[in-house]
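Engineer: model the following, please.
(one chain, ligands or ions: 2)
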Amino acid sequence: MTALLDDPLDAAAMLRAGALVAFATETVYGLGADARNAHAVAGIFEAKGRPHFNPLICHFATAEAAWAEVRPDARALALAEAFWPGPLTLVLPRRADCRIDLLAGAGLDTLAVRVPAHEGALALLRAADTPIAAPSANRSGRVSPTTSAHVMEELSGRIAAVLEGGECEVGVESTVLDLAAGGAALLRPGGIPVEAIEAIIGAVGRSLKLSDAAPPTLRSPGMMLSHYAPSLPLRLDAAEVAADEALLAFGPPLPGAGRVFQLSETGDLREAASRLFAGLRMLDQPGLRGIAAMPVPGEGLGAAIRDRLSRAGAPRTASNSG
Ligand code: AMP
Ligand code: MG
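Structural biologist: Ligands and ions are numbered 1, 2, ... in the order given. Prediction:
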């Protein structure tokens, strides 16, 4: 049963305990999890039925709380001053001591952060006293919900609770601006017009992410800018492993690997998803020839795990090292 809550304190307690709670922001309803809790974040992808792991936006009660996890430059500080709380998401480099779970950022060195302009969301963030990772609170491939009733239609029975927050004012997603690579690139148009951003920081590149904008023929796995790939070659569905290979184990490990990371001893897909990026990073060290990944079943979260492993194993091109 999915509870409909009125009190942000109740919703915060559930989030702190690792449960999934949908909540209103000024843009759309988000499906929230404690962004520092890997198991909770994996649950977001499970509840949405997402076939791949894309990076989630992390929500904060204040800009200062965001700056504890990512490194703002002068432009980010000026934009936060102008538009936060509000529908602007900034992609910035993670700090070395960033406490946000790797899966929330899809394993990337950058993180998308924002402070929402909605009293209920801010009350929830303050009470939970932790950043909240949240994509839109709909099943994968469906439109974003702007009322609690929409969220119930989409996710009832799949999440712990929805915090009632009325109808969303903006109704479209936040503008996503990438400041991490030195330039400024619009990744998604949204609630804050790009012209308003340019009035503060100057020209913004309009080329949308290849994964959104490229024609299908260009949309090969390696063309997605937002994907983390290890530098060692990776092979899937390994049935045996060599001494000069690293093993990404799922269930009882194959014998003989040079290094082993266990995704889930018991074959639990949610545990495996929550450990996937940590595992790839741990195994991706010099000295070995490659990574052998044991078979992971393709149902449920396993589809997203397999999708990410096949991207990680795809032949390298100049554009897919990100
Ligand atoms: P949603 O969470 O569904 O509102 O979508 C988040 C949007 O921000 C998607 O378009 C993501 O691809 C984008 N995004 C989030 N984090 C990053 C990141 N670290 N780098 C690039 N794009 C990101
Ligand atoms: Mg969405």
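
Engineer: tell me how many other residues crowd residue 24.
Structural biologist: Neighbours of residue 24 under the rule other Cβ atoms under 10 Å: 28. Every C-beta, even on glycine, is put in place using the N, C-alpha and C of the backbone.

Engineer: and for residue 99?
Structural biologist: 12.

Engineer: my guess is it meets residue 70, correct?
Structural biologist: No - assessed by Cβ atoms under 8 Å, residue 99 is found out of contact with residue 70, at 11.2 Å.

Engineer: which SS class is residue 91?
Structural biologist: strand (DSSP: H, G, I helix; E, B strand; the rest coil).

Engineer: residue 66 too?
Structural biologist: Classification of residue 66 using three-state DSSP returns helix.

Engineer: quick thing: my sequence starts at 55, can you match it?
Structural biologist: Taking 55 as the first residue, the last one we looked at is residue 120.

Engineer: now do the contacts for it.
Structural biologist: 112, 114, 126, 134, 167-169, 185 (Cβ atoms under 8 Å, 6 or more residues apart in numbering).

Engineer: how does it look with 6 Å?
Structural biologist: By Cβ atoms under 6 Å, 6 or more residues apart in numbering, the contact list for residue 120 reads 114, 167.

Engineer: for residue 166, see how far away it is.
Structural biologist: Using Cβ to Cβ, to the nearest Å, one gets 10 Å for the distance from residue 120 to residue 166.

Engineer: cool, residue 286 as well?
Structural biologist: 27 Å.

Engineer: same deal with residue 342?
Structural biologist: Applying Cβ to Cβ, the value for residue 342 to residue 166 is 32 Å.

Engineer: show me what from this protein comes close to ligand 1.
Structural biologist: 108-111, 145, 159, 162, 164-166, 189-190, 227, 230, 232, 241-242, 280 (Cβ under 6 Å from any ligand atom).

Engineer: show me which of those residues are buried.
Structural biologist: Buried by 16 or more other Cβ atoms under 10 Å: 109-111, 145, 159, 162, 164-166, 189-190, 227, 230, 232, 241-242, 280, out of the residues of the chain next to ligand 1.

Engineer: how about the helices in the protein?
Structural biologist: For the chain, the helices defined by DSSP state H cover 62-70, 92-102, 117-121, 128-137, 173-182, 202-209, 248-255, 264-267, 323-337, 355-367.

Engineer: which helices and strands does the last one pack with?
Structural biologist: Counting contacts by 3 or more Cβ pairs under 6 Å, 6 or more residues apart in numbering; DSSP states H and E, helix 355-367 packs against helix 323-337.
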